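Peer 1: Please find the sequence and the predicted model below.
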Amino acid sequence: MTHKSPSGKLFDHPSDMEPLLPEHGDGGLESTALLLIRRAERLRGLLHPVTRKSVARMVRSMNSYYSNLT
């Protein structure tokens, strides 16, 4: 299977997409990711274990749905 990059170049091998990390940045992505992790952990601690399992099941199915869209 081949995919096109925004520039129109065809990707026909996974190594064509490396590196998968941004080359330049101001650290904004890292700080946003850290904030998300902290807030997720806080939410996890506030939820009853039964509710937490239900939320995890729902999010898992959403992740599967969105990761399979093409």
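Peer 2: Done, it's in.
Peer 1: When you work out contacts or count neighbours from here on, use the C-alpha atoms and nothing else.
Peer 2: Noted.
Peer 1: By mean pLDDT, flag the weakest helix or strand of the protein.
Peer 2: Each helix and strand of the chain was given a mean pLDDT (mean pLDDT, DSSP states H and E); the minimum falls on strand 3-4 at a mean of 54.
Peer 1: need the next SSE after it, C-terminal direction.
Peer 2: strand 10-11 (DSSP states H and E).
Peer 1: so what strands line up beside that next one?
Peer 2: strand 3-4 (antiparallel) (DSSP bridges).
Peer 1: what's near enough to touch Arg52?
Peer 2: Going by Cα atoms under 8 Å, 6 or more residues apart in numbering, Arg52 touches Arg44.
Peer 1: So for the helix or strand hosting it, mean pLDDT?
Peer 2: Per DSSP H and E, Arg52 falls inside helix 49-67. Helix 49-67 shows a mean pLDDT of 87.
Peer 1: Can I get that helix in PDB, CA atoms only?
Peer 2: The C-alpha trace of helix 49-67 is given here as PDB (Å, rounded to 0.1, in the frame of the first residue of the first chain):
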ATOM      1  CA  PRO A  49     -13.000   1.600  40.000                       C
ATOM      2  CA  VAL A  50     -16.200   0.400  38.300                       C
ATOM      3  CA  THR A  51     -16.600   3.800  36.500                       C
ATOM      4  CA  ARG A  52     -13.000   3.800  35.600                       C
ATOM      5  CA  LYS A  53     -13.300   0.400  33.900                       C
ATOM      6  CA  SER A  54     -16.300   1.600  31.900                       C
ATOM      7  CA  VAL A  55     -14.500   4.700  30.800                       C
ATOM      8  CA  ALA A  56     -11.400   2.700  29.800                       C
ATOM      9  CA  ARG A  57     -13.600   0.400  27.700                       C
ATOM     10  CA  MET A  58     -15.300   3.300  26.000                       C
ATOM     11  CA  VAL A  59     -12.100   5.100  25.200                       C
ATOM     12  CA  ARG A  60     -10.500   1.900  23.900                       C
ATOM     13  CA  SER A  61     -13.300   1.400  21.400                       C
ATOM     14  CA  MET A  62     -13.100   5.100  20.400                       C
ATOM     15  CA  ASN A  63      -9.300   4.800  19.800                       C
ATOM     16  CA  SER A  64      -9.900   1.700  17.700                       C
ATOM     17  CA  TYR A  65     -12.500   3.500  15.600                       C
ATOM     18  CA  TYR A  66     -10.400   6.600  15.000                       C
ATOM     19  CA  SER A  67      -7.200   4.700  14.300                       C
END
